[in-house]
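In: Return atomic coordinates for the entry below.
(12 chains)
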There are 12 protein chains.
Amino acid sequence: MPTAEHDHVYKILDLVGSSETSIEDAIKNAISRASKTVREIRWFEVVQTRGHVENGAVRHFQVTLRVGFTLEE
Amino acid sequence: MPTAEHDHVYKILDLVGSSETSIEDAIKNAISRASKTVREIRWFEVVQTRGHVENGAVRHFQVTLRVGFTLEE
Amino acid sequence: MPTAEHDHVYKILDLVGSSETSIEDAIKNAISRASKTVREIRWFEVVQTRGHVENGAVRHFQVTLRVGFTLEE
Amino acid sequence: MPTAEHDHVYKILDLVGSSETSIEDAIKNAISRASKTVREIRWFEVVQTRGHVENGAVRHFQVTLRVGFTLEE
Amino acid sequence: MPTAEHDHVYKILDLVGSSETSIEDAIKNAISRASKTVREIRWFEVVQTRGHVENGAVRHFQVTLRVGFTLEE
Amino acid sequence: MPTAEHDHVYKILDLVGSSETSIEDAIKNAISRASKTVREIRWFEVVQTRGHVENGAVRHFQVTLRVGFTLEE
Amino acid sequence: MPTAEHDHVYKILDLVGSSETSIEDAIKNAISRASKTVREIRWFEVVQTRGHVENGAVRHFQVTLRVGFTLEE
Amino acid sequence: MPTAEHDHVYKILDLVGSSETSIEDAIKNAISRASKTVREIRWFEVVQTRGHVENGAVRHFQVTLRVGFTLEE
Amino acid sequence: MPTAEHDHVYKILDLVGSSETSIEDAIKNAISRASKTVREIRWFEVVQTRGHVENGAVRHFQVTLRVGFTLEE
Amino acid sequence: MPTAEHDHVYKILDLVGSSETSIEDAIKNAISRASKTVREIRWFEVVQTRGHVENGAVRHFQVTLRVGFTLEE
Amino acid sequence: MPTAEHDHVYKILDLVGSSETSIEDAIKNAISRASKTVREIRWFEVVQTRGHVENGAVRHFQVTLRVGFTLEE
Amino acid sequence: MPTAEHDHVYKILDLVGSSETSIEDAIKNAISRASKTVREIRWFEVVQTRGHVENGAVRHFQVTLRVGFTLEE
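Out: Sure thing, here's the model as predicted:
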């Protein structure tokens, strides 16, 4: 949680991102998609890491995130 | 968590539904109400089940849900 | 937790109710039984849902509740 | 957890049952299905209650259970 | 959770408020800021209390809240 | 948990106290009220901090406590 | 949780027992003391194990228990 | 979790063991019974400690374990 | 949890996979190994991420997974 | 958790502070005491709030904190 | 947590002790070892109980403890 | 937790590592930095995964670890 800008109120958003490649990529996809509508995202926290399996192989990683952004005055 | 549509990013919404009848009905009321403003709800998860008591009898069931929906491109 | 009567102190009681029929019925049985000795029960919260199996069939649902009641002045 | 037969060792199995009707029905479906291969199921505990939504309506309840059964000597 | 108005569906919002003075003040700042855009906030629950330290002294208290408000019909 | 008097058995009581002023005051109100009927309270632990909001302002803090007291011989 | 007597409602009591000897002994002390005032205790569950240290040696084990007993009709 | 044999995949089994004597004995009974059918058990973790009470005295300790064993190639 | 095939009962298996390279690789190794004996694995969930250190460097990542598969009729 | 200085490794210290006055004061006492030996404390997180009761009145608040500080190069 | 000496700040240390004999012995070994370098240990809390299995028999009990000691002025 | 060297007492250290690249890299950075002052680190466990976002992109991964090392005799 960023503490440098302490006068703000943060709002927290819960998201699930996915990727065929990696956990980091699933996080980036979720952040990138959320940034289209929410400005000033500051931090995230991983809540859960799951995935989908097909024919005995991992098909997707799915990461649930809590994302904090500044409520602009 | 639906994994069939793995390229989407899901957003999660927390809701409390209530019913005088049953836990299932409280869930349905919350989903039904949320569907008025949020399209593409895909799954829910029960976080907490509570209720209200009056004169020694259960008056309402109140169910807190996490609801996941697809962020449309 | 009822907030309408905010000047009271609530006491919390933990109970296990059971029913052969449903989770809601197990909750109602516990509340009904507790109301014989505790007046002014206001709310409950489900802590755990368990059950008993006999011959491959569910025999009882057992629900652990936290029950809040007003401490009368 | 049944304590009447205290000399046994229990094994615990985790299952997910589903039903279009109710949480209780999802539990019963899981217990019923497990009973085909595991004899002597004695108790269950609900770990998580989730569900699937289609067109703004609950389509299925999905209940994750821990199921305990006696390891026969 | 208010139970007096049991026919409503509540939505839950997660916020982080901060204050140089106290935990209560951080809560009030978050509620006050959220009330600018969300009407009918009814209750809050503290999820986490953190803070920022500078030169060996507490600089801010930061409180993460879950805030419930009525979804108006 | 006080360890100085180690030969005692403690009983634990769960309470909810409230205050319009502060979290500390809600704790004190619960302890004070419980002391009317339970002697020898020794310690408390905060389990949850919640509150009630009216017209965009915090109206009460509600604190759930576990309270330990000595069972007198 | 005993499931043999499924028509009862159980009440749960939280206790802390202590012993200079062992964890089992601390449990037995708490159960024994509670049995003086509560009849029909049926099961217990260990919630926490702590202890007191003096001069670099364990002085007491302190075990917090949840104890379930039948509410007699 | 043993890390010396890092190329293996471990499987985890959940068990409940019981003993009239001690927690350690309940653990040993569960491990001993599981070893009849599962070779290469390497570690265990205590998940829950419960017990059965009769006539105001502890009758059995019941310990839930997670048990890890090597999946043989 | 896949919801597309809602008439199935899923069984959950707990596994620990390891890899010298990455968390994703440890997950894939566990899934791959389990697929040799369990058909129809559908999803996984990460329960814990640990690892082994030798001479001040990470030697292995060890990931505990819950793995869900369809119980075939 | 401060994110402005991202190249550092933080160490986390667990502390218990106490105060006769308030929760905030107990936090400040712990931080102040720790700052005598640990430089560069950056943030704290409240883990548990407890207290001591004497003669039916709160005597001390005791707050367990996790405290993060920069490991200096 | 000792409350008799309320003006102190406690520091918490996490340790893992082991014993071939019992859980209590593993706790005592950890406390005894820690007392060589840390004076004024006052209390401990069991965080986790695990163990090592060899040839189908428990070889060691391993207990993770949180240990609190007074920070001397 | 390594069980091969069962006569040791382990101490646990909590750390936060960070990396612009990956979760694994953040873990390695923390372990590497800790190894400068603590010899005989044996295992780690991931407690939390967070990160920092700037301009809609992930800037750093921050991983909180528990690190166990042997207390040398």
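
In: any idea where the strands of chain A begin and end?
Out: Along chain A, the segments classed as strands by DSSP state E run A:10-19, A:41-54, A:57-70.

In: Please report phi then psi for whichever residue of chain A sits closest to chain H.
Out: Relative to chain H, the nearest point of chain A is residue A:56 (13.4 Å; C-beta to the nearest C-beta). Every C-beta, even on glycine, is put in place using the N, C-alpha and C of the backbone. Reported as degrees, to the nearest 10, the phi and psi values for residue A:56 are phi 80, psi 10.

In: pretty sure it is touching residue I:42, no?
Out: No - in this structure residue A:56 lies outside contact range of residue I:42 using C-beta atoms under 8 Å: 10.9 Å.

In: Output the set of residues of chain A in proximity to chain B.
Out: For chain A, the contact set with chain B under C-beta under 8 Å from any C-beta of the partner chain comprises A:13-18, A:20, A:29-30, A:33-34, A:50-52, A:59-60, A:62, A:64.

In: May I see the ChimeraX selection of the buried members of those residues?
Out: The buried residues among those can be selected in ChimeraX (16 or more other C-beta atoms under 10 Å in any protein chain shown) with this line:
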select /A:13,14,15,16,17,18,29,30,33,34,50,51,52,60,62,64
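
In: can stretch A:16-32 be found next to chain I?
Out: Yes - applying C-beta under 8 Å from any C-beta, one finds stretch A:16-32 in contact with chain I at A:22, A:23.

In: Can you tell me what sits against that stretch?
Out: A:15, A:33, A:41, A:44, A:46, A:49, A:59-65, A:67, B:1, B:6-12, B:68, I:22-24, L:22-23, L:51, L:53, L:56-58, L:61 (C-beta atoms under 8 Å, 6 or more residues apart in numbering or on different chains).

In: give me the number of residues near the nearest residue to residue A:11 once chain neighbours are set aside?
Out: Using C-beta to C-beta, 6 or more residues apart in numbering or on different chains and skipping residues adjacent in sequence, the residue nearest residue A:11 is residue A:71, 5.3 Å away. Residues near residue A:71, counting by other C-beta atoms under 10 Å in any protein chain shown, number 16.

In: ok, now which ones touch the residue nearest the centre of chain A?
Out: The C-alpha lying nearest the average C-alpha coordinate of chain A belongs to residue A:65 (C-alpha atoms, centre = their mean; 4.1 Å). Contacts for residue A:65 (C-beta under 8 Å, 6+ apart) come out as A:14, A:15, A:16, A:17, A:27, A:30, A:31, A:44, A:45, A:46, A:47.

In: With pLDDT added, can I get these in JSON lines?
Out: Output for the contacts of residue A:65, formatted as JSON lines (pLDDT from 0 to 100):
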{"residue": "A:14", "pLDDT": "97"}
{"residue": "A:15", "pLDDT": "96"}
{"residue": "A:16", "pLDDT": "97"}
{"residue": "A:17", "pLDDT": "97"}
{"residue": "A:27", "pLDDT": "98"}
{"residue": "A:30", "pLDDT": "96"}
{"residue": "A:31", "pLDDT": "97"}
{"residue": "A:44", "pLDDT": "98"}
{"residue": "A:45", "pLDDT": "98"}
{"residue": "A:46", "pLDDT": "98"}
{"residue": "A:47", "pLDDT": "98"}
